[in-house]
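**Student:** Please find the sequence and the predicted model below.
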Amino acid sequence: MINKEELDRYYTLSGKRKMLSRQFEEALPRFHSHAEAREYLNSLFGEDFVYLGSQEDEEDDRVVYCYTIVHDRPGWEEGTRKMKETGYASGSDFIHSSQDVQIYENGQIWMVY
C-alpha cells in the first residue's frame, strides 16, 4: 500500500511537468467503491486532492467522479483565478499544474497522463 512517505518515488518529470507515473496507478490497492477510493487518495494528497464534479459515462451509464491532484499549487491557483475572472486560462503552467483522476462508482480509477 502506498503511503505519503514514499509518494516521491512515483513522480516523474516530463519537461517542467511533475506528474504521477503509471506505476503509481498500478500500485494502488483495489477499491470497491468511489467512497473507498476517494478516502484513500484524500489521505495521500489532502487539500491537493480536489473534487471537480461528477458526470455520467456515455458509454455505459456509470457515474464517474472527477478530481484533480494539484502538483504545483501556485500555478494551479493562478490558473483557477484567471478562469474565474475571464472564463479561460492560457499557458502550460496551469495545464501542467495538476493531474486529473476519474473514479467510478465501483472504485475503478483512471488517471490522465
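**Tutor:** Cool, the structure landed.
**Student:** Which other helices and strands does the lowest-mean-pLDDT helix or strand in the chain contact?
**Tutor:** When each helix and strand of the chain is scored by mean pLDDT, DSSP states H and E, helix 92-95 comes last, with a mean of 81. In terms of contacts (3 or more CB pairs under 8 Å, 6 or more residues apart in numbering; DSSP states H and E), helix 92-95 is packed against helix 73-86. (Each C-beta comes from the backbone N, C-alpha and C, glycine too.)
**Student:** Okay, buried residues for the helix it packs on please.
**Tutor:** 75-76, 78-80 (16 or more other CB atoms under 10 Å).
**Student:** out of the residues you listed, which one sits closest to residue 6?
**Tutor:** residue 76 (23.4 Å; CB to CB).
**Student:** Grab the nearest non-local neighbour of the closest one.
**Tutor:** In space, residue 76 comes closest to residue 97 once its chain neighbours are excluded; the distance is 3.9 Å by CB to CB, 6 or more residues apart in numbering.
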